[in-house]
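Enquirer: dropping a prediction and its sequence here:
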Amino acid sequence: MSAPTHTRSLPFATAPRARAAAGASARLHWWALALPALAFGLLLTLLAGSGEAHAATGEASSLVQVAEQLLRAVG
């Protein structure tokens, strides 16, 4: 013998509002995608340049030069 089950349903008028509120919280900010992509690009650059490693000289590496240019452009 099974017991009867009762399901609770939302009234028809509030269902679209509940769906809209749930959809609004699922949106991502621009930095939530940009920061991981930037980190991935920097790590990939570091890995790609590691094959050309050599003893330190007086000149800066290309990665340092790019970082300095970015800092000058931002600051």
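Expert: Perfect, thanks for sending it.
Enquirer: quick one: the strands in the chain, in order.
Expert: Counting by DSSP state E, the chain has no strands at all.
Enquirer: low-confidence ranges, it, go.
Expert: Residues of the chain that meet the criterion pLDDT under 70 lie in 1, 8-25, 50-59.
Enquirer: kindly recompute the last result at 90.
Expert: Across the chain, the ranges flagged by pLDDT under 90 are 1-33, 44-75.
Enquirer: and the helices in it?
Expert: With DSSP state H as the criterion, the chain has helices at 15-24, 30-49, 62-74.
Enquirer: could I get the ones you listed in TSV, plus columns for distance to T7 and mean neighbour count?
Expert: C-beta here means a position set from N, CA and C on the backbone, and glycine is covered the same way. Listed next are the helices of the chain as TSV, based on distance: least, Cβ to Cβ, whole Å; neighbours: other Cβ atoms under 10 Å:
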stretch	distance to T7	mean neighbour count
helix 15-24	14	10
helix 30-49	35	10
helix 62-74	55	10
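Enquirer: nearest to A3, of the ones you listed?
Expert: Between A3 and those, the tightest spacing by Cβ to Cβ is seen for helix 15-24, at 27.3 Å.
Enquirer: reformat the helices of the chain as TSV; add distance to S2.
Expert: Conversion of these to TSV gives the following (distance: least, Cβ to Cβ, whole Å):
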stretch	distance to S2
helix 15-24	29
helix 30-49	46
helix 62-74	67
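Enquirer: T5: which of these is closest?
Expert: Of these, nearest to T5 by Cβ to Cβ is helix 15-24, at 20.7 Å.
Enquirer: ok so, going back, for P4, find the nearest of the helices of the chain.
Expert: Using Cβ to Cβ, the helices of the chain put helix 15-24 closest to P4, at 24.1 Å.
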